[in-house]
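**Student:** I need the structure of the sequence given here:
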Amino acid sequence: MTIYSTVSLKEYTANYKEKGSDFMARKSRIPEYNKIPMRKKIGVDVGIYARLSVEDEGSAISESIENQISQAKTKIENDSALFHVHTYIDDGYTGLDFDRPGFEQMMLDAERGIIDCIIVKDISRIGRNYKSVGELLCRTLPSMQIRFICCHGCK
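**Tutor:** Below is the predicted model of the structure:
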(Lines give C-alpha, C1' and ligand atoms only; values in the text may rest on other atoms or scores of the structure.)
Protein backbone atom coordinates (compact mmCIF):
# COMPACT_ATOMS: atom_id res chain seq x y z
CA MET A 1 0.00 0.00 0.00
CA THR A 2 1.44 3.39 -1.07
CA ILE A 3 0.75 6.44 0.94
CA TYR A 4 0.89 9.76 -0.86
CA SER A 5 1.55 12.84 1.14
CA THR A 6 0.00 16.09 0.20
CA VAL A 7 1.77 19.34 0.69
CA SER A 8 -0.09 22.57 1.05
CA LEU A 9 0.75 25.46 -1.21
CA LYS A 10 2.07 27.37 1.79
CA GLU A 11 4.49 24.54 2.70
CA TYR A 12 5.57 24.14 -0.94
CA THR A 13 6.27 27.87 -1.30
CA ALA A 14 8.26 27.97 1.92
CA ASN A 15 10.29 24.91 0.83
CA TYR A 16 10.90 26.46 -2.61
CA LYS A 17 12.18 29.72 -1.12
CA GLU A 18 14.39 27.84 1.33
CA LYS A 19 16.07 25.56 -1.25
CA GLY A 20 16.42 28.14 -4.00
CA SER A 21 15.32 28.34 -7.60
CA ASP A 22 16.75 24.96 -8.65
CA PHE A 23 14.53 23.10 -6.18
CA MET A 24 12.30 21.93 -9.02
CA ALA A 25 14.81 22.29 -11.84
CA ARG A 26 15.49 19.26 -13.99
CA LYS A 27 19.03 17.99 -13.69
CA SER A 28 21.13 17.33 -16.78
CA ARG A 29 21.44 13.68 -17.76
CA ILE A 30 24.74 14.29 -19.52
CA PRO A 31 27.67 13.13 -17.40
CA GLU A 32 30.18 15.87 -16.58
CA TYR A 33 32.99 14.11 -18.48
CA ASN A 34 30.92 14.15 -21.71
CA LYS A 35 30.33 17.89 -21.67
CA ILE A 36 32.48 19.67 -24.24
CA PRO A 37 33.47 23.18 -23.24
CA MET A 38 32.57 25.83 -25.80
CA ARG A 39 35.47 27.81 -27.23
CA LYS A 40 35.05 31.46 -26.41
CA LYS A 41 36.02 33.36 -29.51
CA ILE A 42 38.35 36.14 -28.50
CA GLY A 43 40.05 37.14 -31.74
CA VAL A 44 39.49 37.26 -35.46
CA ASP A 45 40.44 34.31 -37.69
CA VAL A 46 42.29 35.74 -40.69
CA GLY A 47 42.89 34.50 -44.20
CA ILE A 48 45.73 36.10 -46.16
CA TYR A 49 45.14 36.48 -49.90
CA ALA A 50 47.99 37.02 -52.37
CA ARG A 51 47.78 37.22 -56.17
CA LEU A 52 50.17 37.92 -59.02
CA SER A 53 49.11 37.81 -62.65
CA VAL A 54 52.43 36.86 -64.24
CA GLU A 55 54.50 34.00 -62.83
CA ASP A 56 58.18 34.54 -62.07
CA GLU A 57 60.40 32.26 -64.10
CA GLY A 58 62.03 29.40 -62.23
CA SER A 59 60.67 29.87 -58.72
CA ALA A 60 57.97 27.91 -56.89
CA ILE A 61 56.40 31.05 -55.36
CA SER A 62 56.98 34.53 -56.78
CA GLU A 63 58.98 37.05 -54.81
CA SER A 64 56.05 39.44 -55.04
CA ILE A 65 53.75 36.80 -53.54
CA GLU A 66 56.24 36.29 -50.70
CA ASN A 67 56.34 40.06 -50.12
CA GLN A 68 52.53 40.27 -50.03
CA ILE A 69 52.33 37.45 -47.50
CA SER A 70 55.15 38.97 -45.43
CA GLN A 71 53.34 42.35 -45.21
CA ALA A 72 50.09 40.65 -44.19
CA LYS A 73 51.85 38.56 -41.53
CA THR A 74 53.47 41.72 -40.15
CA LYS A 75 50.01 43.27 -39.81
CA ILE A 76 48.76 40.15 -37.98
CA GLU A 77 51.79 40.10 -35.64
CA ASN A 78 51.20 43.75 -34.72
CA ASP A 79 47.54 43.17 -33.79
CA SER A 80 46.93 40.72 -30.95
CA ALA A 81 43.27 40.23 -31.95
CA LEU A 82 44.19 38.72 -35.34
CA PHE A 83 44.98 35.00 -35.76
CA HIS A 84 46.39 33.67 -39.03
CA VAL A 85 44.39 30.64 -40.18
CA HIS A 86 45.22 30.13 -43.85
CA THR A 87 47.04 31.70 -46.80
CA TYR A 88 45.35 31.68 -50.20
CA ILE A 89 47.61 32.12 -53.24
CA ASP A 90 46.79 32.71 -56.89
CA ASP A 91 50.10 32.92 -58.75
CA GLY A 92 49.76 33.53 -62.46
CA TYR A 93 46.02 34.39 -62.48
CA THR A 94 44.48 37.55 -63.88
CA GLY A 95 42.64 39.98 -61.65
CA LEU A 96 39.93 40.71 -64.21
CA ASP A 97 37.58 38.04 -62.83
CA PHE A 98 37.14 35.94 -59.71
CA ASP A 99 37.68 32.56 -61.42
CA ARG A 100 40.78 31.73 -59.42
CA PRO A 101 41.25 28.62 -57.24
CA GLY A 102 42.75 30.45 -54.24
CA PHE A 103 40.06 33.14 -54.29
CA GLU A 104 37.26 30.57 -54.62
CA GLN A 105 38.64 28.52 -51.71
CA MET A 106 38.93 31.68 -49.59
CA MET A 107 35.30 32.62 -50.27
CA LEU A 108 34.18 29.06 -49.50
CA ASP A 109 36.07 29.16 -46.19
CA ALA A 110 34.47 32.54 -45.42
CA GLU A 111 31.00 31.08 -46.06
CA ARG A 112 31.78 28.13 -43.78
CA GLY A 113 32.96 30.43 -40.99
CA ILE A 114 36.58 29.24 -41.09
CA ILE A 115 37.81 32.81 -41.55
CA ASP A 116 36.29 36.08 -40.31
CA CYS A 117 38.65 38.47 -42.02
CA ILE A 118 40.60 38.78 -45.27
CA ILE A 119 43.92 40.62 -45.42
CA VAL A 120 45.54 41.69 -48.70
CA LYS A 121 48.54 43.86 -49.51
CA ASP A 122 46.37 46.29 -51.46
CA ILE A 123 42.94 46.30 -53.05
CA SER A 124 44.28 45.49 -56.53
CA ARG A 125 45.30 42.03 -55.27
CA ILE A 126 41.61 41.10 -54.93
CA GLY A 127 40.86 42.18 -58.48
CA ARG A 128 41.26 44.72 -61.25
CA ASN A 129 37.58 44.97 -62.20
CA TYR A 130 36.60 47.73 -59.79
CA LYS A 131 32.87 47.22 -60.28
CA SER A 132 33.16 43.55 -59.21
CA VAL A 133 35.56 44.43 -56.39
CA GLY A 134 33.17 47.15 -55.18
CA GLU A 135 30.29 44.66 -55.17
CA LEU A 136 32.43 42.21 -53.20
CA LEU A 137 33.57 44.79 -50.63
CA CYS A 138 30.29 46.69 -50.20
CA ARG A 139 27.75 43.88 -50.41
CA THR A 140 29.09 40.33 -50.43
CA LEU A 141 31.61 40.47 -47.57
CA PRO A 142 29.43 42.61 -45.25
CA SER A 143 26.48 40.27 -45.77
CA MET A 144 28.76 37.40 -44.69
CA GLN A 145 30.09 39.50 -41.77
CA ILE A 146 33.65 39.27 -43.11
CA ARG A 147 36.11 42.06 -42.37
CA PHE A 148 38.48 43.22 -45.10
CA ILE A 149 41.87 44.78 -44.39
CA CYS A 150 44.34 46.28 -46.87
CA CYS A 151 47.76 46.49 -45.29
CA HIS A 152 49.52 48.62 -47.90
CA GLY A 153 52.14 50.56 -46.01
CA CYS A 154 51.64 48.61 -42.75
CA LYS A 155 54.66 48.53 -40.47
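**Student:** for the chain, what spans make up the helices?
**Tutor:** Along the chain, counting by DSSP state H, helices occupy 9-19, 63-77, 101-112, 130-135, 141-143.
**Student:** what sits up against the fourth one?
**Tutor:** With CB atoms under 8 Å, 6 or more residues apart in numbering as the test, helix 130-135 has contacts from D97, F98, I123, I126, G127. (Each C-beta comes from the backbone N, C-alpha and C, glycine too.)
**Student:** let's see 10 Å
**Tutor:** Residues from elsewhere that reach helix 130-135, judged by CB atoms under 10 Å, 6 or more residues apart in numbering: G95, L96, D97, F98, I123, S124, I126, G127, N129, L137, T140, L141.
**Student:** farthest pair in these?
**Tutor:** Across the contacts of helix 130-135, the longest distance by CB to CB is 19.4 Å; it joins L96 and L141.
**Student:** Would you mind telling me which of the two has more residues around it?
**Tutor:** L141 (18 against 11; other CB atoms under 10 Å).
**Student:** That one touches Y49, doesn't it?
**Tutor:** No. Using CB atoms under 10 Å, L141 makes no contact with Y49, being 11.9 Å away.
**Student:** any shared contact partners between those two?
**Tutor:** M107, I118, I126, F148.
**Student:** just to revisit the earlier point, which of the contacts of helix 130-135 tops the neighbour count?
**Tutor:** Neighbour counts for the contacts of helix 130-135 peak at I126, which has 23 neighbours (criterion: other CB under 10 Å).
**Student:** quick one, what contacts that one?
**Tutor:** Listed by CB under 10 Å, 6+ apart, the contact partners of I126 are 49, 51, 95, 98, 103, 106, 118, 120, 132-133, 136-137, 141, 148, 150.
**Student:** Among these, name the buried ones.
**Tutor:** Burial by neighbour count, 16 or more other CB atoms under 10 Å: within these this picks out 49, 51, 95, 98, 103, 106, 118, 120, 132-133, 136-137, 141, 150.
**Student:** which of the residues you listed has the weakest pLDDT?
**Tutor:** The lowest pLDDT within the buried ones among the contacts of I126 belongs to G95, with 91.
**Student:** From I126, how far off is it?
**Tutor:** In this view, G95 and I126 are 7 Å apart by CB to CB, to the nearest Å.
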